[in-house]
Every structure is written in structure tokens, then in C-alpha cells.
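> coordinates only, sequence not included:
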């Protein structure tokens, strides 16, 4: 995407006050999220074994960080990309019931991420998952859940401004979400790239849930890549808000109703990933041994970035950046941690 450096940038809070505000956002939002969604916090792994099949393959091309471990011979460990599959297994193993769910403070390394204002090799997010019923596997239930997450974000912003009035000049998050499918967007803007379509629709509406990501559209191309073994491509989407500081859409959450045995069977074949059928997680799911769930990830640093009016994700998380980015940010008054 490339680096964006806003003209006449005002960071609003100094570094130490920013750190205080980040803690307030994280404490407040996870409390509001848990209340809205009936979720409880659990501990989560930083790495999993490769043979378990529990790591998230993201778009299918990203390389996980791998290492061996003393005392565990013949096994390769992988730093997680996300916990999409691990959470579903945890719900099963910990005895959660329909309507109950969990969230974790997930940390990951994505070594192949293209670095820019929104993307870092270090990922921190609230990863959540809850058990649903067969009757809940609908777009209406998906939309209800999106609205609950957005309510938690809007309430968090309101509480934040009461504590840090310096942020009151920033635009308020819209409480109304516009729901649109990836195919709708392609039909509306066939001449634009997927990212340009997102910017166009989010600029107009402020808050958008873009549904149906992963499967091929009429053009023969997907809007974006999704691994075939966690979201049902017909029942997923991204929560997008307009970032007025950088003048672009910002994705705060990728989420969805998870694959059933039937949709996993179909999507593995469509994606050319039939070899995964023999992995422990996939065998259990195909055999109907795991609960039906929905879940997603909500970017902690991106939420902080949006609510604090920051121009670069490096202002709200400590990571590594290439020398050109560091130099350009210094010149523009953007303080990277």
C-alpha cells in the first residue's frame, strides 16, 4: 500500500499519555466485548506444533516462523499467525455450551507482512470464539454479532473521550453499520481494485461490514484470500471504518461463522487443500466432533490507532521497521515506539 504521511499531522497525545490511553482502551474494550458477546478470557498459546494443523494459514502463502524445541524430538513448532482453529478446539476441550464463548489476548508474528501504516510483522488482537447452533448459521445472526462488536467499540470511544478530552475533536465512530457483499462491490465498481472498492464504500458510509470473502466472484477472482478451514466463505466478512487521519478504510476485524463439516469439505477441495483432511483438527471437524462456532480477531493496535487518531500503527505498538520508514516518520513528526 505504501507509507502515508498526513500533512500537518497532530498526534494529540504525547508518548507517555498515549501509553496510558492504550491501556485504557484495552481494558475497557475487552470488558465491553465480553459483556456484549458473553465471552470469558482464557490464556492462549504463542506457538503450536506444525503437525496439529492448528495454525492459521491466512491467505495460504504466508510463511510461519518455525523452530525446534529441546525435549520434543521430530516436531516443528510454529509461532501462530492467529488462533482461529485453536479457539474452536479449546471451546470443545473446555466444555463450553451454545451461547458461551471465549476471548484471548493473541500475539503473533507475520514475517511476510508488507509493512505500511496499518501492517506490522507483530500482530496483537483480541481473538474470540463462541459456540452457536445450526439455526444460528445465518447472515442475520452474523449481522447481529457485528452490531454487538460495533456497540462495544462506540461505547469504548465514548468512555475514552471522557478521560482524554484531547481526543474529542476526532470524528465519532458511526453506530450504524452498512452491510454489503463482496459481489455487490464488484458489481458496483468493476473497474476498481478490491482495496479501491473498500475505500469508496467506506468513505461514503463510515462503517461497513463487507461479507462473503474467500470464494471466487463473477470475475473469477476472490475479493481477498481466506484459508478454507476456518471461515465459511458465504458467512464471513470484515468490519471496516473510515480512518480520517490517513484518508482510507481501516479493517478492525476479520470474522465469520466457521466452517461446518459440509462447508469444510467443499472449501478444501475448491482451494486445492485436500491434503489437510488427514490433520487432527480437520479430521475431528469433518467427523462432526467439534462444536459449531463463530469467531474472529479484532486488532488491538488498530483499534487504538483509530480511537487515538494516530497515523501509523508503530505509534501504538513496539515493532521493527525498515530504515526508510523510520527516517520518513521522524521527518513527519510521527513517533514510532
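Good, I have the coordinates. Worth saying up front: this structure is predicted, and the values here are computed from it rather than measured.
> drop to CA atoms for contacts and neighbour counts, all remaining ones
Will do.
> Break down the stretch 51-200 of the chain into its helices, ranges please.
Ranges of helices in the stretch 51-200 of the chain, per DSSP state H, counting those that start in this stretch, are 84-93, 139-163, 182-188, 194-205.
> comparing the ones you listed, which gets the lowest mean pLDDT score?
When the helices of the stretch 51-200 of the chain are ranked by mean pLDDT, helix 84-93 comes last with a mean of 90.
> what packs against that one?
strand 101-109, strand 122-131, strand 293-299 (3 or more CA pairs under 8 Å, 6 or more residues apart in numbering; DSSP states H and E).
> Quick one: closest of these to residue 207.
Residue 207 sits nearest to strand 293-299 of all those, at 14.9 Å, using CA to CA.
> Partner strands of the closest one, with direction?
Applying DSSP bridges, strand 293-299 is found paired with strand 122-131 (antiparallel), strand 248-258 (antiparallel).
> Now mean pLDDT and distance to residue 285 too, for the ones you listed, in CSV please.
Converted to CSV, the strands paired with strand 293-299 look like this (pLDDT from 0 to 100; distance: least, CA to CA, whole Å):
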stretch, mean pLDDT, distance to residue 285
strand 122-131, 95, 14
strand 248-258, 96, 11
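> circling back to that earlier point, most tightly packed of the helices and strands packed on helix 84-93?
strand 293-299 (a mean of 25; mean count of other CA atoms under 10 Å).
> what's in contact with that one?
Contact partners of strand 293-299, identified using CA atoms under 8 Å, 6 or more residues apart in numbering, comprise 84, 88, 123-133, 252-258.
> Which other helices and strands does the helix or strand just after that strand contact?
With elements assigned by DSSP states H and E, the helix or strand that comes after strand 293-299 is helix 300-308. Counting contacts by 3+ CA pairs under 8 Å, 6+ apart, helix 300-308 packs against helix 15-37, strand 122-131, strand 248-258.
> redo that, cut-off 10 Å
Secondary structure elements in contact with helix 300-308, counted by 3 or more CA pairs under 10 Å, 6 or more residues apart in numbering; DSSP states H and E, are helix 15-37, strand 101-109, strand 122-131, helix 139-163, strand 231-243, strand 248-258.
> which one of these lies closest to residue 182?
Taking the helices and strands packed on helix 300-308 one by one with CA to CA, strand 231-243 is closest: 8.8 Å.
> Can you give me the buried ones in that closest one?
By neighbour count on 16 or more other CA atoms under 10 Å, the buried set for strand 231-243 is 231-243.
> With respect to burial, which of the helices of the stretch 51-200 of the chain scores highest?
Of the helices of the stretch 51-200 of the chain, helix 84-93 is the most buried (mean count of other CA under 10 Å), at a mean of 20.
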